[in-house]
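# After the sequence you'll find the predicted model.
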Number of protein chains: 6
Amino acid sequence: MSLIQVINPNTSLAMTETIGAAARAVAAPGTEILAVCPTHGVESIEGHFDEAIAAIGVLEQVKRGKAQGVSGHIIACFGDPGLLAARELASGPVIGIAEAAMHTATLVATRFSIVTTLPRTLVIARHLLQQYGFTHHCAALHAIDLPVLALEDGSGVAQEKVRQRCMQAKREDGSGAIVLGCGGMATLAQDLTKELGIPVIDGVSAAVKMVESLVALGFGTSKHGDLDYPLEKPLSGAFQHLN
Amino acid sequence: MSLIQVINPNTSLAMTETIGAAARAVAAPGTEILAVCPTHGVESIEGHFDEAIAAIGVLEQVKRGKAQGVSGHIIACFGDPGLLAARELASGPVIGIAEAAMHTATLVATRFSIVTTLPRTLVIARHLLQQYGFTHHCAALHAIDLPVLALEDGSGVAQEKVRQRCMQAKREDGSGAIVLGCGGMATLAQDLTKELGIPVIDGVSAAVKMVESLVALGFGTSKHGDLDYPLEKPLSGAFQHLN
Amino acid sequence: MSLIQVINPNTSLAMTETIGAAARAVAAPGTEILAVCPTHGVESIEGHFDEAIAAIGVLEQVKRGKAQGVSGHIIACFGDPGLLAARELASGPVIGIAEAAMHTATLVATRFSIVTTLPRTLVIARHLLQQYGFTHHCAALHAIDLPVLALEDGSGVAQEKVRQRCMQAKREDGSGAIVLGCGGMATLAQDLTKELGIPVIDGVSAAVKMVESLVALGFGTSKHGDLDYPLEKPLSGAFQHLN
Amino acid sequence: MSLIQVINPNTSLAMTETIGAAARAVAAPGTEILAVCPTHGVESIEGHFDEAIAAIGVLEQVKRGKAQGVSGHIIACFGDPGLLAARELASGPVIGIAEAAMHTATLVATRFSIVTTLPRTLVIARHLLQQYGFTHHCAALHAIDLPVLALEDGSGVAQEKVRQRCMQAKREDGSGAIVLGCGGMATLAQDLTKELGIPVIDGVSAAVKMVESLVALGFGTSKHGDLDYPLEKPLSGAFQHLN
Amino acid sequence: MSLIQVINPNTSLAMTETIGAAARAVAAPGTEILAVCPTHGVESIEGHFDEAIAAIGVLEQVKRGKAQGVSGHIIACFGDPGLLAARELASGPVIGIAEAAMHTATLVATRFSIVTTLPRTLVIARHLLQQYGFTHHCAALHAIDLPVLALEDGSGVAQEKVRQRCMQAKREDGSGAIVLGCGGMATLAQDLTKELGIPVIDGVSAAVKMVESLVALGFGTSKHGDLDYPLEKPLSGAFQHLN
Amino acid sequence: MSLIQVINPNTSLAMTETIGAAARAVAAPGTEILAVCPTHGVESIEGHFDEAIAAIGVLEQVKRGKAQGVSGHIIACFGDPGLLAARELASGPVIGIAEAAMHTATLVATRFSIVTTLPRTLVIARHLLQQYGFTHHCAALHAIDLPVLALEDGSGVAQEKVRQRCMQAKREDGSGAIVLGCGGMATLAQDLTKELGIPVIDGVSAAVKMVESLVALGFGTSKHGDLDYPLEKPLSGAFQHLN
């Protein structure tokens, strides 16, 4: 029995449920999904400031998950906020959903496109492409120009915009796959994959399979060198609970 | 029930068994492993010429596997010979073991080292690092300077050399993980991971989990664009069986 | 009269003083230096976890500085924690000391070396080199293998190790300049520059001149696009004070 | 007297003649051109699968050419299939026509455009640009969206499409030269060069001059290290003739 | 009292005045600007040939400036002609205006656009981006397609074209800042910055602050290694005055 | 009958003869070599300052060569001084010897080493590798730490040092070929190629074959775009003869 912690780094309970559902939909029989989000923080993550706040929530949850004996952790926001910090803290594997989706895309196509929410988040995706090594595998980045929470307003407008952009990307970018650039788009992947006839990749489900895989292979985060546990030193004030 | 075809691109039955065993050791309950190798070809793959020969055997096996209804294919030679050609031919996912090991390494460490057999194969690994985007994630490449088949001679000399090189790499490269650069090293990974206390990654087992994951996510190779099925045209003479 | 806020992202008052002194030593006649550090956080920053904590402190101080009417902000830790988040929050310029030192080094030499504290922080420096575009301008990175606070223990051991490493770097790397990789080394730069006869660059003083320059040129952080102010949304709980 | 073997990797005799004629048109007085193609294989090469098949034919011909005492070998398909494998096998120089055309373009212009046949072959060209180092020298890649054999159908439609695309590329890409991306376009280069007033480069003729040059300089393929002769080992079954 | 030599590498006295005025407008109280240009050379610099000529004028002026005891030198042409040669000759800092503007842009925005004069100069800007490390920080390059001296013809046509292009770049490139790609545009920066509401950066004023900063930090050009003084050897004929 | 102008950019008549002899040794029957050097300039080129001076001499000679009706031009100094400026001025092809040697090396080996004179010239070679696209094809750069003119002192000491370094490079770098990094080493290439058993490449002879090839293919420097003739404008004073 394996327990995977899926951390929604924002405080939206609705989105946490969306993400948890997407994770459960692909979890292997022996896998239990624990979908959580921080108590404090921001309701949606649309920039570096939001990410810095969210990273603290991620670390709190990783610490909590570790105490609960989870096998691995997923950071379910497309900017992968706090990824390397979380890897220091964790002993098991930690996977970001941007990372998971980008890796997956390169396995099924020579080039992929990204469809995300606000244009201001594109710079974050670009930095991740560079850090992960996939700058040359990404044919184009697109933004639907709606905030993250538009995906939760029940109107379906954002979802339709995502769908339109995906179709346009298939037609114009010469990409063989599309990466959905927001945890809140997780539930769209399956239908779009069918409709478009190409892999439309949601990072949440991809990350679940990655954590399961690493656990099955017996690999946690390497504690040799760069990602070793944080050096022990007193965390003061508002951060004492992270001690 | 999912059937994964593990293709050893060389003709060594002993190595095919080694590889098949490594694959079975990590396969999920619902996965069956079909370990195969070409009838014709080379006994070991240690250069571009050997790879070109082996690629044909890989394609023959992919075609056969497809007819047998396998869910996905693994190319179990560290140069990933014929990978993109096999992706054109296949409808399911196709994963190379160098690709699998390298991707895996970047998920558990910031940088990794590669330990392989002959120095002349290093150039192939370097080209793959560049193609997959991981040039900057690889801290160093090492060769034990023994041919591939030394791993099958029963003496254990090659295995001990691999072990020594891994320990040296851990000490000197500042790497958090080690990638084993030959399908024939598959059985060493687990023990070395324990002894060294860092992830020592065999691509065969890593690839099994990747194919299982892609299948579970509903993704085959994208047939849109670059990796679409080969255009239909008559294959003549020695290649007729690939029609 | 221009007020520059120098933020030491750790909670060490001693180091805040060191940094403030280094800043004041180069400040122009019309510049006043406001050296601050967070009330809560970590005493020293030696990894990604520490950086994530420190980033919150940086943001708190930027917000406070803005309210005080400072002209610009400096993040005085070599990992530049929270740099892009701080830029979103600020209207004036924000400069990290790694950024400042690296830019400065490329203006006086074709290649530079970095001398820092613990080996585990090298990966952070490597990521910054890549992000800022200077990977090919850096000939080598060195760590003295002592924690940051060894620079504050009064023994001078760490300082002597820095000096030795700088001399070795000059001799062996073919570099024309050396970048000191820790805010706590700020006071060493001037003497080492004299002793070694090459620019030994401290990011704190370099950053002061950069902020002064940007202010004189009339440039703050661009609010068009990626670095626009954070979208307004409620920050809950422990982060309310950042609203 | 120098004998250069020009290998058309597909089985089209018409294209072999086209290529042979283009080679002879630029051969130096002392050079004899031996234009050959495999007996078995594919009629045209438009993807990785086709390339893998064609590589075997290339190796057969290189072996044959060596036995005939040729001075050097040319692989006359724009994907340069089997190039490094052929270099292992050969003692003289081996040049691919994509390689030849791209190198030549960088000597007469700061940036070049590529005009090729089907869009699915663009990924191959992109990989070669990366491997050869010319990613940043290529301003744009264009496909006329017709299969290779359309160049041999006598209608002139494909040729006219190439011409249109070259003119468009000159106008819009800011390129100083154009590389023709198919062996079957060899005969167009000279007229287009005149009509457009910029170098329009055919790789076949460029490769002939490169082989002649290397032979005159006394250079064959280096047998030190990566490109040494294939290790001797029995090739079984369908590959015995390559022993 | 610090004396900064601003070298206009072309022979246009009008442009030398423009540049000198831009420099004086931002100079610190203690800084005196010495705006000079070569006696012999070209009236405007629009290509590599012009740059090669201009580099000699730059070196003459650097030598003269050194004799006059200037603290540092600025090369006020956007191609930074003779920069590394001038650094060898100088003991103080030498800054090119393309270098200054590009560095500055990366401090206030994640990506920038360049607006310059003739399309043929774009290749020079591209090479500088690569050399300085900023290829990935530049979103787009634009040319108004007017020669440099159109900026001095009094009609204001070129200035209006620059303005239009800057507005278009802001709208379409997703850039947070714009770099003006010609010394003759120096006086436009301040007004465009106000009108567009984003940093529009002139390299002349940016370079003045950089030289002032380096001088204040006690840094000249490193004389260790690559940028050491030219080896002493007789300069003959037309170059004797550079001895 | 084709006339190739080989320009030694320094004023050493002895080295001009060495270079001319190396060029003639490989020239095709129909090629005449015109070896020239500037009347004014520096006796040897060992840095950016020397290169800036030499570039003027190169341009003078290109202009003269053009008047004499030469078919193409070679810049016979390993830094390729004035290459792009000369290409603007010329109608025929212009090849630098660093360019020629580097291109040639990539055709016969997967990686090469460079052996040059003074360490301070390595930065120039590194910039050229980057500009030409060969950074990843160069395994290592070595300097014998003797000035260029030591190659002309008749003692053979420098030559022996070059030989030793080449042998060391072959042994330690894993390179299949060596590039000689100075025009004055031209005569060593043939003997070293024989002694070491790998291609030891002199750029002068390689450049001769490249110019011959381009001429045979009917290609001069592209006059479309970046390398068009210099815009006509008066060159004043010391540069009037370049009008």
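Ah, there it is.
# In contact with the residue in chain A that chain E sits nearest to, which residues?
As assessed by C-beta to the nearest C-beta, chain E sits closest to residue A:123 within chain A, at 4.9 Å. Every C-beta, even on glycine, is put in place using the N, C-alpha and C of the backbone. Going by C-beta atoms under 8 Å, 6 or more residues apart in numbering or on different chains, residue A:123 touches C:226, E:110, E:111.
# The residue nearest the centre of chain A: what's it in contact with?
Central residue of chain A (C-alpha atoms, centre = their mean): residue A:97, 2.4 Å from the mean position. Residues near residue A:97 by C-beta under 8 Å, 6+ apart: A:74, A:75, A:76, A:77, A:78, A:80, A:183, A:202, A:203, A:204, A:206, A:207.
# mind checking pLDDT for the third one?
Right, residue A:76. pLDDT recorded at residue A:76 is 98.
# who does residue A:114 bridge with?
On the basis of DSSP bridges, residue A:114 is bridged to residue A:141, residue A:179.
# Not counting its neighbours along the chain, what's nearest the residue of chain A found nearest chain F?
Residue nearest to chain F within chain A: residue A:136 (13.7 Å; C-beta to the nearest C-beta). Residue nearest to residue A:136 in three dimensions, not counting chain neighbours: residue B:133, with 6.7 Å by C-beta to C-beta, 6 or more residues apart in numbering or on different chains.
# now residue A:138
Nearest to residue A:138 is residue A:129, by C-beta to C-beta, 6+ apart, at 5.3 Å.
# Help me confirm that residue A:211 comes into contact with residue A:93.
Yes - counting by C-beta atoms under 8 Å, residue A:211 touches residue A:93, with 5.4 Å between them.
# so what's in contact with the two at the same time?
A:72, A:73.
# Just the CA trace of the helix or strand hosting the residue of chain A closest to chain E, in PDB.
Using DSSP states H and E, residue A:123 sits within helix A:122-132. Presented in PDB, the C-alpha positions along helix A:122-132 are these (Å, rounded to 0.1, in the frame of the first residue of the first chain):
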ATOM      1  CA  LEU A 122       4.800  32.200 -19.400                       C
ATOM      2  CA  VAL A 123       8.100  33.400 -18.100                       C
ATOM      3  CA  ILE A 124       7.900  30.900 -15.300                       C
ATOM      4  CA  ALA A 125       7.300  28.100 -17.800                       C
ATOM      5  CA  ARG A 126      10.200  29.300 -19.900                       C
ATOM      6  CA  HIS A 127      12.600  29.200 -16.900                       C
ATOM      7  CA  LEU A 128      11.400  25.700 -16.100                       C
ATOM      8  CA  LEU A 129      12.000  24.600 -19.700                       C
ATOM      9  CA  GLN A 130      15.500  25.900 -19.400                       C
ATOM     10  CA  GLN A 131      16.200  24.300 -16.000                       C
ATOM     11  CA  TYR A 132      14.800  20.900 -17.100                       C
END
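# Tell me what angle it forms with helix C:122-132.
Here helix A:122-132 runs at an angle of 130 degrees relative to helix C:122-132 (axes from the mean of the first three to the mean of the last three C-alpha atoms, to 10 degrees).
# Surely the residue of chain A closest to chain F touches residue D:129?
No - taking contacts as C-beta under 8 Å, residue A:136 lies outside contact range of residue D:129: 10.2 Å.
# Spit out the residues that contact the two alike.
residue D:135.
# residue contacts, residue A:65?
Applying C-beta under 8 Å, 6+ apart, the residues contacting residue A:65 are A:5, A:7, A:34, A:36, A:73.
# what about 10 Å?
Residue A:65 makes contact with A:3-7, A:34, A:36, A:71-74, A:86, A:89-90, A:92, A:94 under the criterion C-beta atoms under 10 Å, 6 or more residues apart in numbering or on different chains.
# Which members of these occur in strands, if any?
Within the contacts of residue A:65, residues falling in strands by DSSP state E are A:3, A:4, A:5, A:6, A:7, A:34, A:36, A:72, A:73, A:74, A:94.
# Give the burial count for the closest residue to residue A:241 other than its chain neighbours, as a bare number.
Distance criterion C-beta to C-beta, 6+ apart; nearest residue to residue A:241, sequence neighbours excluded, is residue A:60 at 7.0 Å. The tally of other residues near residue A:60 (other C-beta atoms under 10 Å in any protein chain shown) stands at 21.
# Where does residue A:60 fall, secondary structure wise?
Counting by DSSP H and E, residue A:60 is found in helix A:48-67.
# again, but for residue A:99
Assigned by DSSP H and E, residue A:99 belongs to helix A:97-108.
# so how far is that helix from its chain's centroid?
Here helix A:97-108 is found 11 Å from its chain centre; the criterion is C-alpha atoms, centre = their mean, to the nearest Å.
# got the angle between that helix and strand A:2-7?
Using the same axes, to 10 degrees: helix A:97-108 against strand A:2-7 is 120 degrees.
# then helix A:97-108 to CSV, C-alphas only?
The C-alpha coordinates for helix A:97-108 follow below in CSV (Å, rounded to 0.1, in the frame of the first residue of the first chain):
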residue,chain,number,x,y,z
ILE,A,97,3.5,18.8,-12.4
ALA,A,98,5.2,21.0,-14.9
GLU,A,99,8.2,18.7,-14.7
ALA,A,100,6.0,15.6,-15.0
ALA,A,101,4.1,16.9,-18.0
MET,A,102,7.2,18.2,-19.9
HIS,A,103,9.1,14.9,-19.4
THR,A,104,6.1,12.9,-20.5
ALA,A,105,5.6,15.1,-23.6
THR,A,106,9.2,14.4,-24.8
LEU,A,107,8.5,10.7,-24.6
VAL,A,108,5.6,10.7,-27.0
